[in-house]
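Undergrad: here is my input; please provide its structure:
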Amino acid sequence: MHAFGNHELGIPYQTIADLLATYRARDAAKSAIVDVDQQSTINFGELDQMTTDVAVFLKMCGVTKGSRILVLSPERIEKLLIWLGAWRMGAAICPFNIEVNASQLADLAAKVNPALILYDRDVAIDKLITDRCAAPRIRFGRWSPCGTHDPQDEFFRALPRGSRAADVSERNGPEDVAALFCTSGTTARPKIVVYNHATYWMNGLDTLDFFGLTENDRTLEYRSFGWNSAQVASLMPFLIRGLTLHIAKRFSHSRFFDWIESYGITFAVSVPTVLNMLLTKPVRYAPKQETLRLMSCSAAPLTAQQWMQFEELYGIKIVQYYGVSETGVVCGNRHYQRKVGTVGRPALHQELRIVDATGQACLAGVEGEVTVGGPKLAMGYLRDDGSMDALLGTRMATGDLAVQDAEGFVRVTGRTKDLIIRGGVKIAPLEIEEIVLNYPGVLEAAAIGVPDVIYGEEVVCFVVASEQSITEKAILDHCRSYLPEAKAPKQIRFTSDLPRSDRGKVLRDKLKEDWIGKAVIASI
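TA: Here you go, the predicted model:
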């Protein structure tokens, strides 16, 4: 375990039952989870009772400790109430993203073999889950703190009321399976990653170190809880600190700052796509009370230019960090120590090593592949036959390229599969994109390698511009002023937007397919 200064967080692991009982005793009336879309709020007193009632009902449905529960729902408060109730009695949650994984849900459900399927009233379950998965299904509707019933709800109205803690002797231990969730899987078959509670706990401690969150914070999350990033950056700090967590179904450009002001949000998550939206179409931000002190940024690289522009425009501090599904957060800037243009230093519970092609550790300033190991790795991948392809106890290559400087700060430079190899010269797309983004009026840029009969690959850059007057020649001349000939793009393609995954990562394969398709048409 590594720490810089005196900021190491050695908070002992606690079960959900103990955590929620503590928060109930501390301040039962304090808001715990707020659904800003449905305008529903549950306090810590109600949450402690609700999770106990849910746990008892799950036991009545035949769920036991270690059982898997598949939850299919948009991001609503009901999803988290079920989630915490499942953890309360030691069951594992499978929160698959219904928007991203819709075409694969039947296969995924059969693979995880759940004991129970709980689905939101707006989910067309028969179109998503086939008879290959024979688990019982229960539909849930809107939960109401005042006790009124949603006529479409079959779950919350059936809960026993006033269950005692003694009715649920089971606990979620640190080595128990906590969740099975999917990697990105937008263009290929997703992998199912298996986490235990210890991995979640250590990730929670790491993000607390990054953001400095306390029980008095009011945080905002609008990403899918099927994402590992939302789980470790929002759910775990909420549980470990007992702060107030606000959730929304998705980011809203028009409502974001209204949420900040209305709910007194002190910390909000973000991804580069969100920051770019707020930079491209600025929103007047002059709150009556300036509560928002910090925003995170993850899921895709954020250029130094975007980072500085956002802070200058809105006066909100950005903390950029980096992670992968298989281990959670890998590196992060800290609220007390940042370096613009980097993803910060290694997380407290991360054993990061940047290695060369032979597996040897790279010197400071030398680019290599990021590898991770240590106690925070996922238990493994779930195989088709239900067995586990173990990760914990191994060292995993992430496929990400990075450079670590003499102070320990890491800059992610790209993906090994995205490297452009021109005449034997390896070129990281991010190096080109940072130069292109420095040209006035360029909003977004994505460099790719395309087939070339002489060099094997040649550099092409797709550009989203704010002004139609910007020319290809102007950008190419700008690039040649800062890049050697081998790295300078040979062609600029203007586009209205860049294809991205649900997590904001540029889909370079789609850009390459688009370029090749148009090149073929042009040659006919």
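Undergrad: so this protein: which segments form each domain?
TA: Listed by automatic domain parsing, the domain ranges of the chain are 17-23+44-172, 419-523.
Undergrad: any chance of those in JSON lines, plus mean neighbour count?
TA: The C-beta positions use only the backbone N, C-alpha and C, and glycine is treated the same way. As requested, the domains of the chain are exported to JSON lines (neighbours: other Cβ atoms under 10 Å):
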{"stretch": "domain 17-23+44-172", "mean neighbour count": "19"}
{"stretch": "domain 419-523", "mean neighbour count": "16"}
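Undergrad: so which of these comes closest to Arg395?
TA: domain 419-523 (21.5 Å; Cβ to Cβ).
Undergrad: quick one: average pLDDT of the closest one?
TA: When pLDDT is averaged along domain 419-523, the result is 87.
Undergrad: and the end-to-end length of stretch 373-390?
TA: Start-to-end span of stretch 373-390 (Cα to Cα, to the nearest Å) is 12 Å.
Undergrad: pull out the buried positions in that stretch.
TA: Gly373, Gly374, Lys376, Leu377, Ala378, Met379, Gly380, Tyr381, Leu382 (16 or more other Cβ atoms under 10 Å).
Undergrad: how about residues contacting it?
TA: Defining contact as Cβ atoms under 8 Å, 6 or more residues apart in numbering, one finds that stretch 373-390 is touched by 111-113, 177, 180, 191-196, 198-199, 202-203, 206, 325-328, 347, 349-351, 353, 391-396.
Undergrad: at 7 Å instead, please
TA: 111-113, 177, 180, 191-196, 199, 202-203, 326-328, 349-351, 391-392, 394-396 (Cβ atoms under 7 Å, 6 or more residues apart in numbering).
Undergrad: equivalent analysis for stretch 215-235, please.
TA: So stretch 215-235 is contacted by 75, 79, 95-97, 181-182, 200, 203-204, 207, 213, 237-238, 241-248, 250-251, 259, 263-269, 296, 298-299, 323, 325, 328-329, 503 (Cβ under 7 Å, 6+ apart).
Undergrad: can you tell me which of the residues you listed end up in strands?
TA: With strands taken from DSSP state E, the overlap with the contacts of stretch 215-235 comprises Phe181, Cys182, Thr244, Leu245, His246, Ile247, Phe267, Ala268, Ser296, Gly323, Gly328, Val329.
Undergrad: neighbour-wise, which one of the residues you listed leads?
TA: Highest neighbour count within the ones in strands among the contacts of stretch 215-235, by other Cβ atoms under 10 Å: Val329, with 30 neighbours.
Undergrad: my guess is that one contacts Val319. True?
TA: No - at 11.3 Å, Val329 and Val319 do not qualify as touching, with contact defined as Cβ atoms under 7 Å.
Undergrad: pull the most distant pair out of the ones in strands among the contacts of stretch 215-235.
TA: Top of the distance list for these (Cβ to Cβ): Cys182 and Thr244, 28.2 Å.
Undergrad: show me which residues of stretch 30-45 are buried.
TA: For stretch 30-45, the neighbour count (16+ other Cβ under 10 Å) marks 30-38, 40-45 as buried.
Undergrad: state the pair within these that is farthest apart.
TA: Asp37 and Gly45 (23.4 Å).
Undergrad: what segments of the stretch 1-150 of the chain are strands?
TA: In the stretch 1-150 of the chain, the segments counted as strands under DSSP state E, counting those that start in this stretch are 31-35, 40-43, 68-72, 92-94, 116-120, 137-140.
Undergrad: out of those strands, nearest to Gln337?
TA: strand 31-35 (30.6 Å).
Undergrad: what pairs with that closest one, parallel or antiparallel?
TA: Here strand 31-35 is paired, per DSSP bridges, with strand 40-43 (antiparallel), strand 244-247 (parallel).
Undergrad: make JSON lines from these and add distance to Ala86 and mean pLDDT to it.
TA: Shown next, in JSON lines, are the strands paired with strand 31-35 (distance: least, Cβ to Cβ, whole Å; pLDDT from 0 to 100):
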{"stretch": "strand 40-43", "distance to Ala86": "16", "mean pLDDT": "97"}
{"stretch": "strand 244-247", "distance to Ala86": "17", "mean pLDDT": "98"}
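Undergrad: in JSON lines: those strands, plus distance to Glu369.
TA: Shown next, in JSON lines, are the strands paired with strand 31-35 (distance: least, Cβ to Cβ, whole Å):
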{"stretch": "strand 40-43", "distance to Glu369": "44"}
{"stretch": "strand 244-247", "distance to Glu369": "35"}
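Undergrad: nearest approach to Tyr13 belongs to which of these?
TA: Ranking the strands paired with strand 31-35 by their distance to Tyr13 (criterion: Cβ to Cβ) puts strand 244-247 first, at 19.9 Å.
Undergrad: other residues contacting the closest one?
TA: With contact meaning Cβ under 7 Å, 6+ apart, strand 244-247 is reached by 31-36, 75, 77, 218-221, 234, 238, 263, 265.
Undergrad: send me the helix or strand harbouring Lys512 as CSV with only the CA atoms.
TA: With elements taken from DSSP states H and E, the one containing Lys512 is helix 508-523. Extracted in CSV, the C-alpha atoms of helix 508-523 (Å, rounded to 0.1, in the frame of the first residue of the first chain):
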residue,chain,number,x,y,z
ARG,A,508,-11.8,4.5,-33.4
ASP,A,509,-12.6,1.3,-35.2
LYS,A,510,-15.8,3.0,-36.5
LEU,A,511,-13.8,6.0,-37.7
LYS,A,512,-11.5,3.7,-39.6
GLU,A,513,-14.4,1.8,-41.1
ASP,A,514,-15.9,5.1,-42.2
TRP,A,515,-12.6,6.3,-43.8
ILE,A,516,-12.0,3.0,-45.6
GLY,A,517,-15.6,2.9,-46.9
LYS,A,518,-15.4,6.4,-48.3
ALA,A,519,-12.0,5.6,-49.8
VAL,A,520,-13.4,2.6,-51.6
ILE,A,521,-16.3,4.6,-53.0
ALA,A,522,-14.0,7.4,-54.2
SER,A,523,-11.8,4.8,-56.0
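Undergrad: parallel or antiparallel, which strands does whichever strand or helix holds Val450 pair with?
TA: Element membership for Val450 (DSSP H and E) is strand 442-452. Here strand 442-452 is paired, per DSSP bridges, with strand 456-465 (antiparallel).
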